[in-house]
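Peer 1: quick one, what's the 3D model for this:
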Amino acid sequence: MLPGSPERELTAWWEAEAVDAAKAQAAKDQVRVDPGAAGEPERKGEEQPKEPAPGPPSAAEEGDARVPPRPPRTVPVSRPKPAPAPAQGLCPHGKSRSKGRSCKRSSNRSNEYCSLRPVTVDSSKARTSLDALKISIRQLKWKEFPFGRRLPCDIYWHGVSFHDNDIFSGQVNKFPGMTEMVRKITLSRAVRIMQNLFPEEYNFYPRSWILPDEFQLFVAQVRMVKDGDPSWKPTFIVKPDSGCQGDGIYLIKDPSDIRLAGTLQSRPAVVQEYICKPLLIDKLKFDIRLYVLLKSLDPLEIYIAKDGLSRFCTEPYQEPSPKNLHHIFMHLTNYSLNIHSGNFVHSDSASTGSKRTFSSILGRLSAKGVDIKKVWSDIISLVIKTVIALTPELKVFYQSDIPAGRPGPTCFQILGFDILLMKNLKPILLEVNANPSMRIEHEQELSPGVFENVPSLVDEEVKVAVIDTLRLMDPLKKKRENQSRQLGKPLATEEDPADSEPPDALAGNANPEAHLPSICLKQVFPKYAKQFNYLRLVDRMANLFIRFLGIKGTMKLGPTGFRTFIRSCRLSSSSLSMAAVDILYIDITRRWSSMTVDQRDSGMCLQAFVEAFFYLAQRKFKMLPLHEQVASLIDLCEYHLSLLDEKRLVCGQSGTSGGRPPHSGTPQEAASTAQLTESHGPPCTNSAHKLSRSRHALS
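Peer 2: Okay, the predicted model is just below:
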């Protein structure tokens, strides 16, 4: 359990989620049955359609000929009327507006509201996210460019990768390197580093081996455990590194399985211990697809959706045996596999069928007396710890593609976390998906060979809400809120009847998102940063690594940069000469050269740097646990680097007016300055000594 366990704080957040989800589902089911019933109570925070739309909007209205298979339930898609709400080309008073003209009223506030342009979204690369994205853009009344735009857009929505297009401004819904970081092998390595530092905190990830590099280690460790416990009869699951949607996954009982030998010859893979005792619902195994928004890397911001999807197997579960290892519909929960089963059930209900909402599962567990607050607490902890493990290398990718001081977009990304609940309700991380499907329809066979895309209400229930990410990333939100405050306060006390507005128009001006439901994403970091910041040791190592890279855009640390790091942090000594440092660099770099994600340049990657850092920490602080050794060495390095920065600051202030503050230079300038300071000494040593004399020196 974490020191200062986050469970008490985290569970308070989700205390009412099961009840709220049940009430919300009942309300939505009622609206779905009779959305136009007379006397139906208006749901707070949602806009009620006044009449059924005669047909889909034209291409001119949406900016694209493609439209979703049906309009969203809570959003009217008929043409907006000129009054009372402002529409495109109209001011808040309902009068037409042309270029260079505005509504000629005495109130300047109205003119300011008229001038607020809609947010622009480039959806030309959205791919499978397109239908859900269109619904969200239409709800927000933003402007979509389905075929791209010559002028810059505010938001770019990419379906696969950050590199889908060249972007120099705005926001893009992908981080550089995310696709590489969540692949099976890279994710396993990132989590393994954290397991070495904090084994108890990262026991939610199954024990894994990377093939073919660790095949002999895998065989030896399995044999050793079996020798110690002859009753142990494990099952292992083999996942190809580049596989997706269940492709190439299979189960084995022994490392000598002939299929495993075939994997070694074809493509790299990860082999993991198989979870033999999962939680079952209706005698079926299932997993949870939970949607997580990584809003920012620095500072780290994480949001989690309040609901997710539960994907079920289509064959009753039995523990693995040589007879049923090949039954994929029993053991693999992948939707893309089970949809081909004859037992797959499409359902319009959130609580039945082969795909359900996670809130419906929590409702059933709660009815049986399960503490669902504890379940949510453990899941949130798992998500935060996993993102902390991924963040360090993502920072290296980010500075490579978007170097500081150069124009570039800001990034955010929706991730799909696949989580399995064990029989004891402990969550286990299966994998992380960088491009979770946002499709809100499924293919249904009407007659032999005749298929039709049918809306999936369960998918739409969850996935359209997840695109509420757009509302969190709204680049004009602050400006809109400021204008709403400026409009709201004076208008509330306005006594001139000539300038008064109808109540509906006033409400629309004060809160342009009043017709939308509440955002389904809840912040978990930095909200709970105090409980998890002690885990961010590798993140601090990544900051040191990036500082000494030396060249903008590189992801590898050269030998000169590594020597500069050692000298600047004063890590060399009589027992660790610079010759020994060079040998350490060569040995570790050579071992990692064939395993790195990026091969664009040569040198020491971040994970190799982490290994070298562990080695140095163990030499300098021998009697401490590994995480304390590493933390002590990081403190020592940061202390000596802060002294160098103070010297640079004092020299700049006392020498010329053009001196730079600490960390203001480029990485190569920082490395060069540190090397010169170490070799020749600063020109203002006395001033720097006085400035730092009061600080506690670290041994």
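Peer 1: ok, now which ones touch the closest residue to Lys395 other than its chain neighbours?
Peer 2: Nearest residue to Lys395, sequence neighbours excluded (Cβ to Cβ, 6 or more residues apart in numbering): Ala542, at 5.2 Å. C-beta coordinates here come from the backbone N, C-alpha and C atoms, glycine included. Residues near Ala542 by Cβ atoms under 8 Å, 6 or more residues apart in numbering: 391-393, 395-396, 606.
Peer 1: just these: which are in strands?
Peer 2: Among the contacts of Ala542, no member is found in strands (DSSP state E).
Peer 1: format those as CSV; extra columns: neighbour count and distance to Asp418.
Peer 2: What follows is the contacts of Ala542, written out as CSV (neighbours: other Cβ atoms under 10 Å; distance: Cβ to Cβ, whole Å):
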residue, neighbour count, distance to Asp418
Thr391, 21, 19
Pro392, 27, 22
Glu393, 27, 20
Lys395, 21, 24
Val396, 25, 25
Leu606, 26, 25
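Peer 1: tell me the SS of the residue nearest to Lys395?
Peer 2: When classified by DSSP: H, G, I helix; E, B strand; the rest coil, Ala542 comes out as helix.
Peer 1: ok, Asp601 touching Gly553?
Peer 2: No: checked against Cβ atoms under 8 Å, the pair Asp601 and Gly553 is beyond contact range at 9.2 Å.
Peer 1: so Leu337, which of the three states?
Peer 2: Relying on three-state DSSP, one would call Leu337 helix.
Peer 1: my read is that it contacts Ile328, right?
Peer 2: Yes: under the criterion of Cβ under 8 Å, Leu337 makes contact with Ile328 at 5.7 Å.
Peer 1: closest one to Asp254 out of the contacts of Ala542, please.
Peer 2: The nearest member of the contacts of Ala542 to Asp254, counting by Cβ to Cβ, is Glu393 at 33.7 Å.
Peer 1: roughly how far does that closest one sit from Asp122?
Peer 2: Using Cβ to Cβ, to the nearest Å, Glu393 is found at 28 Å from Asp122.
Peer 1: distance of Asp254 from Val432?
Peer 2: From Asp254 to Val432 the distance is 29 Å (Cβ to Cβ).
Peer 1: those two: which has the busier surroundings?
Peer 2: Val432 (24 against 14; other Cβ atoms under 10 Å).
Peer 1: where does the more buried one sit: helix, strand or coil?
Peer 2: Put simply, Val432 is strand when judged by three-state DSSP.
Peer 1: what sits against the nearest residue to it once chain neighbours are set aside?
Peer 2: Leaving out its chain neighbours, the residue that sits closest to Val432 by Cβ to Cβ, 6+ apart is Val182, at 4.2 Å. Residues near Val182 by Cβ under 8 Å, 6+ apart: 390, 415, 431-434.
Peer 1: kindly recompute the last result at 10 Å.
Peer 2: Val182 makes contact with 190, 386, 390, 394, 415-417, 431-435, according to Cβ atoms under 10 Å, 6 or more residues apart in numbering.
Peer 1: check Ser577 too.
Peer 2: Ile583.
Peer 1: and if you look at the one 4 residues further on?
Peer 2: When the contact criterion is Cβ under 10 Å, 6+ apart, the partners of Val581 are 559, 562-563, 565-567, 571-572, 612, 616.
Peer 1: how about a cut-off of 6 Å?
Peer 2: Ile566 (Cβ atoms under 6 Å, 6 or more residues apart in numbering).
Peer 1: if we can go back for a sec, among the contacts of Val182, give me the pair with the biggest separation.
Peer 2: Checking the contacts of Val182 with Cβ to Cβ, the most distant pair is Ala190 and Asn435, at 18.3 Å.
Peer 1: what about those two, which has more around it?
Peer 2: Using other Cβ under 10 Å as the criterion, Ala190 and Asn435 rank with Ala190 on top: 25 against 21.
Peer 1: SS state for the residue lying closest to the more buried one once chain neighbours are set aside?
Peer 2: Closest residue to Ala190 apart from its sequence neighbours, by Cβ to Cβ, 6+ apart: Ala389 at 4.6 Å. With three-state DSSP as the basis, Ala389 sits in helix.
Peer 1: quick one: pLDDT of Ala389?
Peer 2: pLDDT, Ala389: 97.
Peer 1: so what's the residue count around it?
Peer 2: 27.
Peer 1: lowest-confidence helix or strand of the protein?
Peer 2: helix 59-62 (a mean of 34; mean pLDDT, DSSP states H and E).
Peer 1: show the average pLDDT along stretch 191-201.
Peer 2: Mean predicted lDDT for stretch 191-201 stands at 97.
Peer 1: who's in contact with it?
Peer 2: By Cβ under 6 Å, 6+ apart, stretch 191-201 touches 202, 205, 389, 538, 610, 627.
Peer 1: what does stretch 313-321 give?
Peer 2: Applying Cβ under 6 Å, 6+ apart, the external contacts of stretch 313-321 come out as 235, 251, 276, 280, 283-285, 324, 329-330, 333, 338, 341, 343-344.
Peer 1: about what we covered before: what's the distance between the residue nearest to Lys395 and Ala465?
Peer 2: Going from Ala542 to Ala465 by Cβ to Cβ gives 33 Å.
Peer 1: ok so, going back, do you know how far the residue nearest to Ala190 is from Lys184?
Peer 2: The gap separating Ala389 from Lys184 is 14 Å, by Cβ to Cβ.
Peer 1: repeat that for Asp257.
Peer 2: Relative to Lys184, Asp257 is positioned 18 Å away (criterion: Cβ to Cβ).
Peer 1: who's more crowded, those two?
Peer 2: Lys184 (22 against 16).
Peer 1: before we move on, the earlier item: report pLDDT for the residue nearest to Val432.
Peer 2: Per-residue confidence at Val182 stands at 92 (pLDDT).
Peer 1: separation between Asp418 and Thr120?
Peer 2: Applying Cβ to Cβ to Asp418 and Thr120 gives a distance of 33 Å.
Peer 1: give me the number of residues near the nearest residue to Pro118 once chain neighbours are set aside?
Peer 2: Spatially, and ignoring its direct neighbours in sequence, Pro118 is nearest to Lys143 (4.5 Å; Cβ to Cβ, 6+ apart). The burial count assigned to Lys143 is 17, neighbours taken as other Cβ under 10 Å.
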